[in-house]
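J.: Sequence first, then the predicted structure:
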Amino acid sequence: MTKLAPSILSADFCTLGEDIRQIEAGGADYVHIDVMDGLFVPNISIGLPVLSCIRKVTDLTLDVHLMIDRPVRYAERFCQAGADIVTVHVEADTQENTLEALRIGKKPAICVKPKTSAEAVLPFIELVDLILVMTVEPGFGGQSFMADMMPKVRAIRAYIDEKNPGCELEVDG
């Protein structure tokens with residue numbers, strides 16, 4: 001089943017509530033919220049206060065993509081602020097801390113960057129509800145889709161089908 005998760009990264013923050021209501025009216029399943037810290041990726045985006053405000057204006061699933069260094073430090077706070085899905089990058093921390101962050105999440109998810117192998121998801125695949133594959137470099141809006149990521153998407157789909165059929169596969173880019 002295909003689901004739609006529009007990102008608010010390019011939204012007009014002066015009218016964010018209205019934009020989210022348009023996403024709802026358009027039939028979206030999730031609101032994708034990119035959180036960037038300027039360390040894991042070179043840009044900075046929204047954080048906890050904005051997420052709390054978004055939660056007040058929608059009942060849609062809030063799909064929070066943490067592009068931050070050592071996400072284990074903040075995963076629980078993002079859940080408390082209203083995140084339904086908390087996605088952490090496997091490249092952002094140690095395997096042990098990534099596992100700890102996944103235990104905190106309401107719906108835990110992992111993400112892999114374009115240069116990270118498909119096999120990097122295997123230690124986590126049975127613990128997550130969603131795997132996000134980046135088909136652009138994280139941290140920058142407006143990039144072109146990297147079609148050469150499709151073999152990775154297919155490989156991860158095969159891993160999911162074999163090891164955790166209830167897990168969703170999401171593509172960002």
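T.: Received, thanks. Numbers count the residues shown, from 1 in each chain.
J.: Please verify my assumption that Leu99 contacts Leu127.
T.: Yes. Applying Cβ atoms under 8 Å, one finds Leu99 in contact with Leu127, separated by 7.1 Å. The C-beta positions use only the backbone N, C-alpha and C, and glycine is treated the same way.
J.: Am I right that Phe40 is in a strand?
T.: No. Counting by DSSP: H, G, I helix; E, B strand; the rest coil, Phe40 is not part of a strand but coil.
J.: Next, the contact list for the residue nearest the centre of the chain, please.
T.: In the chain, the residue lying closest to the centroid (Cα atoms, centre = their mean) is His65, at 3.0 Å. By Cβ atoms under 8 Å, 6 or more residues apart in numbering, the contact list for His65 reads His32, Ile33, Asp34, Val35, Thr87, Cys111, Leu132, Asp172.
J.: dump the residue contacts of the third one.
T.: It refers to Asp34. When contacts are taken as Cβ under 8 Å, 6+ apart, Asp34 is in contact with Ser7, Ile8, Leu9, Ser45, Ile46, His65, Met67.
J.: right, and the pair among these with maximum separation?
T.: Largest separation among those by Cβ to Cβ: Ile8 and Met67, giving 14.0 Å.
J.: out of these two, which sits in the more crowded spot?
T.: Using other Cβ atoms under 10 Å as the criterion, Ile8 and Met67 rank with Met67 on top: 25 against 20.
J.: can you pull out the strands in the protein?
T.: Listed in chain order, the strands of the chain (DSSP state E) span residues 30-36, 61-67, 85-89, 107-112, 130-134, 168-172.
J.: ok and the helix-or-strand element of the chain with minimal mean pLDDT relative to strand 61-67, angle-wise?
T.: Least confident helix or strand, the chain: helix 95-104 with a mean of 85, by mean pLDDT, DSSP states H and E. Counting by axes from the mean of the first three to the mean of the last three Cα atoms, to 10 degrees, helix 95-104 lies at 160 degrees to strand 61-67.
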